[in-house]
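**Q** quick check, what structure comes out for this input:
(chains A and B)
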Amino acid sequence: MLQSKLFGKTQREYPKDEVSTNARFLIRAGFIDKLSAGVYSYLPLGYRVFRKIENIIREEINAIGGQELFLPALMPRELWEKTGRWEGFGPAMFRLKDHSEKDFLLGPTHEEPITELARKNIQTYKDLPMAVYQIQNKFRDEPRAKAGLMRGKEFIMKDLYSFHADEQSLDMYYEEAMKTYIKIFNRCGLKSFAVEASGGSFTNKYSHEFMVKSPAGEDLTILCELCGWAQNKEIAGALAKKPCPKCGGILKEEKTVEAGNIFKLGTKFSEALGAYFTDALGQRKPIIMGCYGIGLSRLMGTVVEIFHDEKGMIWPESIAPYQIHLIRIDHADEKKSKKIKIAADKLYNELIKKGIEVLYDDRNDCSAGEKFADSDLIGIPVRIVLSDKTLAKKEVELKRRGSNDLQFVKIKDVVRFFKK
RNA sequence: CGGGCUGUAGUGUAAUGGCUAGCACGAGUCCUUUGGGAGGAUUUAGUCCGGGUUCGAGUCCCGGCAGCCCGACCA
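**A** Okay, here's the model as predicted:
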């Protein structure tokens, strides 16, 4: 991508009024734009990061048999009345009317429509187990949207639903999903751990939240540093400072971000919506369900909260918008500038021909310092500088974001250097 | 929903109730520049909305709207 053509500009100043790290950097670097409190646009740079995260999730969920589909965000009241959640979900649900005064809602979650689909498409135990998922916008009228991407009125979630003939099958899938979640967060550069949590108004069965340690977190987690036991403070209560119930170690309280959570729904939704199957003995039974969510937008915000320095963001390679930031530094001498441009253009073309993702700062109307500052802000993992100085030795300067070490590589070797 | 703070060009800011709302960045044009946010010339663009007080309101008062923070809330 030629930076001169990139839609979305970096800002020299932080947005005023914005305190959270993720909002400050993402907005300033032109990754996202705030349309309203808790409602954001993703600009090309931010959307590339978003899609990287999306693809990691897609790969991992596909690997545990999830089939991707897409559900409507706009839903009729009747469906939600069957589960009691038209009223029961409370004020966080966006409710609206169509032209004929018919009630609709914007999906805050999707158990209802997915169970309705299961009712139509699952008849026998031979159809089970089954897992489907989607990546979609959710709408929740948060009383207080805040902290950039961390809590929005519209946000993007991967929601996976599994359907089973018996509890054992659900338990097995649940365990599998837990491992997959840890893996997904790992691939995004985040260390996470599962904590026991309450099922909320959703279900009485137990659930797990996936926490990432961060001062930006809204949750408090009680955890044992010895054995790794952890529990949400909500249900752990006043356990802090007492010995760990598992190993007797000392418990600590940590601020954490809830990056995902999973629930055993049981038959609550299938019974309400009539999603039954016939088992091997010919008996009609409600389908047993699980659901598994990851907030993608929040995940993106969390990564920024954790990986940054005073100059800007530091993206993990796996979800960086580009792998290489190629920077061309022009020269006062027009002839020299031309040579630098030719060499840089050529290198850029060779890199993208090899499928390497490059953002090329080809702007000829801004100074070296400005380019470096932008590069630090945007936070692409590798910076390659081509200037008069480096061209004289037929090389480029290579620097990793977050490190101060400079490396010099011959221009002809650069492509090979990055070819995987 | 309670409490606090704040709304001035695209961005960040300045202006005892008083002259034509100033500055920087950005953007446009021209010239000079090019290894850490460069310089000059020139142009562009603003007081959230509605009332009120006043000879006069960006500034004071009332109402609204919006944003941020704390709390409550949060499958």
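**Q** ok, how many other residues are close to the residue of chain A found nearest RNA strand B?
**A** Nearest to RNA strand B in chain A, going by Cβ to the nearest atom of the strand, is residue A:332, at a distance of 1.9 Å. For every residue, glycine as well, the C-beta is placed using N, CA and C. Counted with other Cβ atoms under 10 Å, residues neighbouring residue A:332 total 7.
**Q** how about the helix or strand residue A:260 falls within against RNA strand B, any contact?
**A** Using DSSP states H and E, residue A:260 maps to strand A:251-266. Yes. Strand A:251-266 reaches RNA strand B (Cβ under 7 Å from any atom of the strand) through A:261, A:263.
**Q** now do stretch A:412-420
**A** No. Stretch A:412-420 does not reach RNA strand B (Cβ under 7 Å from any atom of the strand); its nearest approach is 13.7 Å.
**Q** identify the residues contacting that stretch?
**A** With contact meaning Cβ atoms under 8 Å, 6 or more residues apart in numbering, stretch A:412-420 is reached by A:323-324, A:347, A:350-351, A:354, A:356, A:382, A:384, A:394, A:396, A:398, A:409.
**Q** so where do the strands sit in the stretch 251-400 of chain A?
**A** With DSSP state E, counting those that start in this stretch as the criterion, the stretch 251-400 of chain A has strands at A:251-266, A:276-278, A:284-286, A:288-295, A:308-309, A:312-313, A:324-328, A:358-361, A:382-386, A:395-400.
**Q** so which of those comes closest to residue A:119?
**A** strand A:276-278 (7.7 Å; Cβ to Cβ).
**Q** and that closest one, which residues are buried?
**A** A:276, A:277, A:278 (16 or more other Cβ atoms under 10 Å).
**Q** re earlier: centre of the chain to the strand holding residue A:260, how far?
**A** Chain-centre distance of strand A:251-266: 16 Å, with Cα atoms, centre = their mean, to the nearest Å.
**Q** so what's the residue nearest the centre of chain A up against?
**A** With distances taken as Cα atoms, centre = their mean, residue A:296 lies nearest the centre of chain A, 2.8 Å away. For residue A:296, the contacting residues are A:50, A:53, A:54, A:57, A:135, A:155, A:156, A:157, A:158, by Cβ under 8 Å, 6+ apart.
**Q** of these, which belong to helices?
**A** Judged by DSSP state H, the subset of the contacts of residue A:296 located in helices is A:50, A:53, A:54, A:57.
**Q** within range of RNA strand B, give me the residues from the stretch 1-150 of chain A.
**A** Counting by Cβ under 7 Å from any atom of the strand, the stretch 1-150 of chain A sits next to RNA strand B at A:9-20, A:34, A:36-38, A:90, A:92, A:108-109, A:138, A:140, A:142-147.
**Q** for PyMOL, write the select line for the buried members of those residues.
**A** Listed next is the PyMOL selection for buried residues among these, using 16+ other Cβ under 10 Å:
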select buried, chain A and resi 10+18+20+34+38+108+109+138+140+142+145+147
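**Q** before we move on, back to that, give me the buried subset of the contacts of stretch A:412-420.
**A** Buried by 16+ other Cβ under 10 Å: A:323, A:324, A:347, A:351, A:356, A:382, A:384, A:396, A:398, A:409, out of the contacts of stretch A:412-420.
**Q** okay but the first one is in contact with residue A:358, surely?
**A** In this case it means residue A:323. Yes. When contacts are counted by Cβ atoms under 8 Å, residue A:323 is listed as touching residue A:358 (7.1 Å).
**Q** what's the weakest-modelled helix or strand in chain A?
**A** Taking mean pLDDT, DSSP states H and E as the measure, chain A has helix A:233-236 as its least confident helix or strand, at a mean of 69.
**Q** so what's the residue count around residue A:298?
**A** 25.
**Q** how about the strands of the stretch 251-400 of chain A in TSV, adding mean pLDDT?
**A** TSV is the format used below for those (pLDDT from 0 to 100):
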stretch	mean pLDDT
strand A:251-266	88
strand A:276-278	95
strand A:284-286	95
strand A:288-295	95
strand A:308-309	93
strand A:312-313	94
strand A:324-328	95
strand A:358-361	95
strand A:382-386	95
strand A:395-400	94
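**Q** mind putting those in TSV, distance to residue A:337 included?
**A** Below are the strands of the stretch 251-400 of chain A laid out as TSV (distance: least, Cβ to Cβ, whole Å):
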stretch	distance to residue A:337
strand A:251-266	47
strand A:276-278	71
strand A:284-286	72
strand A:288-295	47
strand A:308-309	32
strand A:312-313	27
strand A:324-328	9
strand A:358-361	14
strand A:382-386	12
strand A:395-400	16
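**Q** out of the ones you listed, which comes closest to residue A:118?
**A** Nearest to residue A:118 among the strands of the stretch 251-400 of chain A is strand A:288-295; the distance by Cβ to Cβ comes to 7.8 Å.
**Q** ok, and what's touching the closest one?
**A** Contact with strand A:288-295 is made by A:57, A:109, A:111, A:115, A:118, A:133, A:155-167, A:169-170, A:173-174, A:177, A:181, A:184, A:210, A:259-270, as judged by Cβ under 8 Å, 6+ apart.
**Q** run the last query once more with 6 Å
**A** Outside of strand A:288-295, the residues within contact range by Cβ atoms under 6 Å, 6 or more residues apart in numbering are A:155, A:157-164, A:170, A:174, A:177, A:260-265, A:267, A:269-270.
**Q** quick one, helices of chain A?
**A** For chain A, applying DSSP H gives helices covering A:21-28, A:44-63, A:77-81, A:85-88, A:111-121, A:167-187, A:233-236, A:268-273, A:296-306, A:334-353, A:368-378, A:388-392, A:414-418.
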